[in-house]
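A.B. asks: sharing a model that was predicted from the sequence below.
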Amino acid sequence: MGRIVLEKVTKSFGDVNVIPPLDLAIEDGEFVVFVGPSGCGKSTLLRLIAGLEDVTSGRITIDGRDATELPPAKRGLAMVFQSYALYPHMSVRKNISFPLKMAGLDPAERNKRVEAAAKVLNLTDYLDRRPGQLSGGQRQRVAIGRAIVREPAAFLFDEPLSNLDAALRVNMRLEISELHNSLETTMIYVTHDQVEAMTMADKIVVLRAGHIEQVGSPLELYRNPRNLFVAGFIGSPRMNFISGAEAAKHEAATIGIRPEHLAISKTEGIWKGTVGVSEHLGSDTFLHVHARELTQEPITVRSDGEIDIYHGDTVFLSPQEDKVHRFNQEGLRLS
Amino acid sequence: MARAVTPAHKATVTFFAWAIGLLIFFPILWTILTSFKTEAEAIASPPSFVGFDWTLENYSTVMERSNYFLHFLNSVVISVGSTLIGLLIAIPAAWSMAFVPGKRTKDVLMWMLSTKMLPPVGVLIPIYLIFRDTGLLDTRTGLVIVLTLINLPIIVWMLYTYFKEIPVDILEAARMDGASLRAEIIYVLTPMAVPGIASTLLLNIILAWNEAFWTLNLTAAKAAPLTAFIASYSSPEGLFYAKLSAASTMAIAPILVMGWFSQKQLVRGLTFGAVK
């Protein structure tokens, strides 16, 4: 079980208020991702749930039990840190069994659980090594192993993949997702990478300056961003924004259109522009089109990989009308 | 590109390194050599290096005249005792300053260090009177107390810098893993800080072993450590260089041997923080 509820939680460091009153419910078994730019308070929020920081006011309950005043050790949560935070003086086996030792399990039971976790995480051959003798990916797996052996109510991940190289990051992302599918335990995952958020989450919490901007499933956020911030943050490459006369035609202050919802043609279309930089990814091509009458920013268009359009070509863009997002003066979504 | 090291350059550097090393070691070597001379040879001019009649006479006189083992034992009790008690007080203090610093932590650290800037002689009379009135004069207990207090700022500072190097994440991980504060300190912090604690321990034993101001002023006979034992041979009625040297050699020998065996720890302690 792992239902975590935050009620009117605030956090201040001295005079600086990092988390204004915030309410959030995380259901048992959910994979929740906190995402936002750096300094948005996502890590602080995670540390409040972990108990590593004290809340300034408000209440945190875990499975209905008031955990606001409980020390981290008593909350029944496990955490994986960005820096892995392995115990350098202990072998992998001792690292993984440390929480079990703290829980007072007998050595035979500890060993059984460590072996089982090591098997799941492909660490069996490394159990007698020290963390210093492992690669980054293996260290990350040890950190995860240390978290899973104690069968916590929920897992907390604090940007666990940001120290890994790109290829490994994709692998570990899959491994964590698979782990979630097999354990069915609540997971709270903090990242600034919206791709990680989109691919892993059941529910994304978008944060800015301690405020929750929107909560929803990845596709909900993608389809119906509540405001300009969420619209710009979720989706890669980011949504194009156009204001002024073109937006007024749609009875909005700003309209947003995602790169994948624009058709590009050399002969006909609605908006005229000139092709600037194109990024060829093989499977896709991202074209940056300058259309100065519409917006000063280049408009990003996603097209297929084999497209026959080059730098300096004049092109026409046509948005899919039903995929145009409309926002009012305050940046809020107009339905 | 790495700097080119020519053989000539290397030889020069080696020569100077040895020269400086010998220069620093020379007084100790001279003391040891003198301890094997007769009093006449000890003050002979020009002095002879090895071409004298080697004698153990000074050592036997010193052993006869003073109770070396009592002083040795006093030195051990005072230096080891004050260091261990100091560590017991300093570990929690350094822990709290390194990991849960408050607004005034830096001030407290500076304040503690500032007590070392005070010339000890400035508080000699009050401390002497307190010791006299509490019956601590010429007792090992008294010296352990005073040396613990004298060296405590250094112990706290050294441990503080070592603890600062330990990533907070690891201690937080221990907390998440269910460790109590006690378990956190025993199973995680202390093992990781062992090299630091060891060099702090060694350095403080040496400092306390060689401490001469308080040990000389607060002891007479019973609790006098080896510093007082050496001093008893530099009497105003005429110096006996050879006997003084023999006493000095006997006083520094134990700490020299300890230092030799713990070189690695000590060097790490002394140059700590130089490269990071």
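C.D. replies: All right, it came through fine. Numbering: from 1, shown residues only, chains lettered A, B, ... in the order given.
A.B. asks: check contacts around the closest residue to A:N240 other than its chain neighbours.
C.D. replies: Nearest residue to A:N240 in three dimensions, chain neighbours excluded: A:I299, at 4.8 Å (CB to CB, 6 or more residues apart in numbering or on different chains). Using the backbone N, CA and C atoms, a C-beta is placed for each residue, glycine as well. Each residue near A:I299 by CB atoms under 8 Å, 6 or more residues apart in numbering or on different chains is listed here: A:240, A:242, A:262, A:271, A:273, A:288-291, A:317.
A.B. asks: what parts of the stretch 101-250 of chain A come near chain B?
C.D. replies: A:102-103, A:146, A:150, A:156 (CB under 8 Å from any CB of the partner chain).
A.B. asks: check pLDDT for those residues and point me to the minimum.
C.D. replies: On pLDDT alone, A:R150 ranks lowest of these, at 86.
A.B. asks: for the closest residue to that residue other than its chain neighbours, list the residues it contacts.
C.D. replies: If the residues on either side of it in the chain are set aside, A:R150 comes closest to A:P99, at 4.4 Å by CB to CB, 6+ apart. Going by CB under 8 Å, 6+ apart, A:P99 touches A:78, A:146, A:149-150, B:177-178.
A.B. asks: now the phi/psi pair for A:P99, please.
C.D. replies: phi -60, psi -30 (degrees, to the nearest 10).
A.B. asks: that older thread, can you list the contacts of A:I299 in TSV and add neighbour count?
C.D. replies: Formatted as TSV, these follow (neighbours: other CB atoms under 10 Å in any protein chain shown):
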residue	neighbour count
A:N240	24
A:I242	21
A:L262	23
A:W271	19
A:G273	24
A:H288	19
A:V289	26
A:H290	15
A:A291	20
A:L317	21
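A.B. asks: in CSV, list these along with secondary structure and pLDDT.
C.D. replies: Output for those, formatted as CSV (DSSP: H, G, I helix; E, B strand; the rest coil; pLDDT from 0 to 100):
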residue, secondary structure, pLDDT
A:N240, strand, 94
A:I242, strand, 93
A:L262, strand, 94
A:W271, strand, 92
A:G273, strand, 92
A:H288, strand, 94
A:V289, strand, 94
A:H290, strand, 93
A:A291, coil, 91
A:L317, strand, 93
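A.B. asks: Provide the secondary structure category for A:P20.
C.D. replies: strand (DSSP: H, G, I helix; E, B strand; the rest coil).
A.B. asks: surely it and A:H211 touch.
C.D. replies: Yes: counting by CB atoms under 8 Å, A:H211 is a contact partner of A:P20 at 6.3 Å.
A.B. asks: which residue ranges form the strands in the stretch 1-150 of chain A?
C.D. replies: Using DSSP state E, counting those that start in this stretch, the strands of the stretch 1-150 of chain A run over A:4-13, A:16-26, A:31-35, A:57-62, A:65-66, A:77-80.
A.B. asks: run me through the strand neighbours of the first one, direction for each.
C.D. replies: With DSSP bridges as the test, strand A:4-13 is paired with strand A:16-26 (antiparallel), strand A:57-62 (antiparallel).
A.B. asks: show me which residues of the stretch 51-200 of chain B are close to chain A?
C.D. replies: B:167, B:169-170, B:172-180, B:183, B:187-188, B:191-192.
A.B. asks: and stretch B:203-211, average pLDDT?
C.D. replies: 91.
A.B. asks: in CSV, list the residues of the stretch 101-250 of chain A next to chain B along with neighbour count.
C.D. replies: CSV is the format used below for these (neighbours: other CB under 10 Å):
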residue, neighbour count
A:M102, 19
A:A103, 15
A:R146, 28
A:R150, 22
A:L156, 26
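A.B. asks: so of these, which ones are in helices?
C.D. replies: A:102, A:146 (DSSP state H).
A.B. asks: let me see the ranges of the helices in the stretch 101-250 of chain A.
C.D. replies: A:107-120, A:136-148, A:166-183, A:194-200, A:218-223, A:228-233, A:245-249 (DSSP state H, counting those that start in this stretch).
A.B. asks: most packed of the ones you listed?
C.D. replies: helix A:136-148 (a mean of 23; mean count of other CB atoms under 10 Å in any protein chain shown).
A.B. asks: now do it: distance to the chain's middle.
C.D. replies: Centroid separation for helix A:136-148 versus its chain: 19 Å, with CA atoms, centre = their mean, to the nearest Å.
A.B. asks: contacts for it next, please.
C.D. replies: With CB under 8 Å, 6+ apart, helix A:136-148 has contacts from A:78-81, A:84-86, A:92, A:95-96, A:98-99, A:114, A:117-118, A:120-123, A:126, A:131, A:134, A:155, A:160-161, A:163-165, A:168, A:171-172, A:175-176, A:179, A:183, B:173, B:177.
A.B. asks: wait, a helix at B:D169?
C.D. replies: Yes: per three-state DSSP, B:D169 lies within a helix segment.
A.B. asks: wait, it sits on A:L86?
C.D. replies: No: at 9.6 Å, B:D169 does not count as touching A:L86 under the criterion of CB under 8 Å.
A.B. asks: out of those two, which sits in the more crowded spot?
C.D. replies: A:L86 (24 against 17; other CB atoms under 10 Å in any protein chain shown).
A.B. asks: show me what contacts that one?
C.D. replies: A:95, A:131, A:139, A:142-143, A:146, B:170, B:173.
A.B. asks: then B:I28?
C.D. replies: By CB under 8 Å, 6+ apart, the neighbours of B:I28 are B:252, B:256.
A.B. asks: what secondary structure does it sit in?
C.D. replies: Quick answer, by three-state DSSP: B:I28 is helix.
A.B. asks: and it, how far from B:A208?
C.D. replies: 20 Å (CB to CB, to the nearest Å).
A.B. asks: strands of the stretch 51-200 of chain B, start to end?
C.D. replies: Under DSSP E, counting those that start in this stretch, the stretch 51-200 of chain B gives no strands.
A.B. asks: what sits up against stretch A:54-74?
C.D. replies: A:1-12, A:19, A:21-22, A:28, A:48-52, A:75-77, A:102, A:153-154, B:172, B:175-180.
A.B. asks: can you tell me which of the residues you listed are buried?
C.D. replies: A:2-6, A:9-11, A:19, A:22, A:48-52, A:75-77, A:102, A:153-154, B:172, B:175-179 (16 or more other CB atoms under 10 Å in any protein chain shown).
A.B. asks: still on that earlier bit, and the residues of the stretch 101-250 of chain A next to chain B, which is closest to chain B?
C.D. replies: A:M102 (3.8 Å; CB to the nearest CB).
A.B. asks: could you pull up phi and psi at the nearest residue to the closest one once chain neighbours are set aside?
C.D. replies: Leaving aside its chain neighbours, A:M102 sits nearest to B:G178 (3.8 Å; criterion: CB to CB, 6+ apart). Main-chain torsions, B:G178, degrees, to the nearest 10: phi 100, psi 10.
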